[in-house]
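Undergrad: Fold the following, please.
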Amino acid sequence: MMKPIVIVGAGQAAASFASRYIMHADRLPVLLIGEERTPPYQRPPLSKKYLSGEFQRERLWIRQSHWYGDNGIHTRFGTRITELVPEKKQVIADSGESIEYEKLILCTGSHARRLPDAVGGSLEGVLTLRGINDADKLSAYLDGKHHLAIVGGGYIGLEIAATARTLGHTVTVIEMAERILQRVASAETSEYFRALHKDRGVNILESTSLARIHGDNGAVQGVELDRGEYIEADAVLVGIGATPNIELAETAGIECENGIAVDEACQTSIPDIYAAGDCTSFVRHGQRIRLESVQNASDQGDLIARVLSGKDDQYTSTPWFWSEQYDCTLQIAGLGQGYTQTTIRKNSTTGGQSVWYYQNDELIAVDAMNDTKSYAFGRRMIEMGINPPMDQISDETTDLKILLQESQNKPR
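TA: Have a look, this model is predicted:
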């Protein structure tokens, strides 16, 4: 009997691998093991349409439950893997059962960082948002009109702020950095979203730290700020980032560096063990990075399927992300880390704008707010290594299509 490909973790990367691998004629059996009791599902809608009630639970499924069995993929949902035994090519389930594998794919994801108990992090009503059960808990607290305090002004915090405010709740965002989105975006993008939220009535407190969360009978009652101010709150959403789930890999002796370290084929340091998604770190432009995005998880899962189907392939995708807040759709191409200058391009047709990031003269990223055209052309330019002059980008009369064509025709 052939040993299966065992996938530990049932998220976007796992679903992407399964969708691609079933196309291979001489494939090995596949066993998909997930700790949650649900099939793989989309996570981005959790902070938006699912939280607002526009999406029912079943609309989150990446594939309907029966799809896996229909395509010969065995599943064990509600099963936790507690140990990897590479020398025996086995994984150990929480029941004590040993499961053998031919190839192992770790799609263990990441978990939300929490506040310590010392500042009230364990009080009832202190919430995070990472999975579907988290969204259900948050939705229960938003049943009625309440005051939600959000610790962290990153994308997840701002998305939840937008959803909660749209539902009629009072919202305060507490950000310890000088500005919201400081870790992930330029000052111009931060300014755009600060104005967007303030116009909708969100109270944004920057350069402000949480001193502690106060409770009554074990439940959240309010938050105290570092400057001594007290704000009443019915719930506190903690959005201060995520940590990769690497414990299984580390214990098994797999090399980890800000995630499970993988090469260009998503192979780990131990033969026949691969990894994909939020749990991984990989080298891009000479630096080892970790990305938390649907695109990265999907592309890496897809890549492993191609590799295990006999194709000599490498991970070379251009990162892209998106966020939805109120009636604004943000699309991001590339990575802005290390930028030295930016320029803004207005879009008078949509009322949106885009921020173009340059490292010296090289275009490395684009943030497009309600400006799909700039996103599309900016992404193509990044992928093709085209570096348009900043003054032409900032001039709204510049036709990006013509600029792209002219740049393609220039000798290099």
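Undergrad: Residue 74 belongs to a helix?
TA: No - counting by DSSP: H, G, I helix; E, B strand; the rest coil, one finds residue 74 to be strand, located in no helix.
Undergrad: what about it, neighbour count?
TA: Using other Cβ atoms under 10 Å, the number of residues around residue 74 comes to 13. Heads up, the C-betas are built off the backbone N, CA and C, glycines and all.
Undergrad: Please name the residues that touch the closest residue to it other than its chain neighbours.
TA: Nearest non-adjacent residue to residue 74, counting by Cβ to Cβ, 6 or more residues apart in numbering: residue 31, 4.8 Å away. Residues in contact with residue 31, defined by Cβ atoms under 8 Å, 6 or more residues apart in numbering, are 4, 5, 6, 7, 73, 74, 75, 76, 99, 101.
Undergrad: Specify the beta-bridge partners of the third one.
TA: By that I understand residue 6. Residue 6 has the following beta-bridge partners by DSSP bridges: residue 31, residue 104.
Undergrad: For it, give its distance to residue 71.
TA: 17 Å (Cβ to Cβ, to the nearest Å).
Undergrad: Show me which of these two is the more surrounded one.
TA: Comparing residue 6 with residue 71 by other Cβ under 10 Å, the one with more neighbours is residue 6, at 26 against 14.
Undergrad: my guess is that one meets residue 99, correct?
TA: Yes - counting by Cβ atoms under 8 Å, residue 99 is a contact partner of residue 6 at 6.2 Å.
Undergrad: which residues do these two both contact?
TA: Residues touching both residue 6 and residue 99 (Cβ under 8 Å, 6+ apart) are 31, 33, 91.
Undergrad: Tabulate those (JSON lines), appending distance to residue 161 and pLDDT.
TA: Formatted as JSON lines, the shared contacts of residue 6 and residue 99 follow (distance: Cβ to Cβ, whole Å; pLDDT from 0 to 100):
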{"residue": "31", "distance to residue 161": "40", "pLDDT": "98"}
{"residue": "33", "distance to residue 161": "35", "pLDDT": "98"}
{"residue": "91", "distance to residue 161": "40", "pLDDT": "98"}
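Undergrad: Pipe those residues into TSV and attach distance to residue 336 per row.
TA: Below are those laid out as TSV (distance: Cβ to Cβ, whole Å):
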residue	distance to residue 336
31	39
33	36
91	38
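Undergrad: count of neighbours near residue 173?
TA: Count around residue 173 with other Cβ under 10 Å applied: 26.
Undergrad: quick one on the thing from earlier: which one of the shared contacts of residue 6 and residue 99 is nearest to residue 395?
TA: The nearest member of these to residue 395, counting by Cβ to Cβ, is residue 33 at 53.9 Å.
Undergrad: re earlier: which one among the shared contacts of residue 6 and residue 99 gets closest to residue 387?
TA: Nearest to residue 387 among the shared contacts of residue 6 and residue 99 is residue 33, at 45.2 Å by Cβ to Cβ.
Undergrad: in what helix or strand does residue 324 lie?
TA: Element membership for residue 324 (DSSP states H and E) is strand 320-325.
Undergrad: contact partners of that strand?
TA: Here strand 320-325 makes contact (Cβ under 8 Å, 6+ apart) with 44, 48, 155, 158-159, 161-162, 193, 196-197, 293, 295, 329-334, 379.
Undergrad: still on that earlier bit, so which of the contacts of residue 31 is the most crowded?
TA: Counting neighbours by other Cβ under 10 Å, residue 7 leads these with 31 neighbours.
Undergrad: any idea of the pLDDT on it?
TA: pLDDT, residue 7: 98.
Undergrad: Over to residue 316?
TA: At residue 316, pLDDT is 82.
Undergrad: and residue 208, that one's in a strand?
TA: No - membership of residue 208 in a strand is not supported by three-state DSSP, which gives coil.
Undergrad: and the spatially closest residue to residue 394 that is not a sequence neighbour, how many neighbours?
TA: With Cβ to Cβ, 6+ apart as the criterion, residue 394 has its nearest non-adjacent residue at 4.5 Å, and that residue is residue 343. Residue 343 has 19 neighbours, counted by other Cβ under 10 Å.
Undergrad: just checking, residue 343 touches residue 393?
TA: Yes - contact criterion Cβ under 8 Å: residue 343 and residue 393 qualify, at 5.4 Å.
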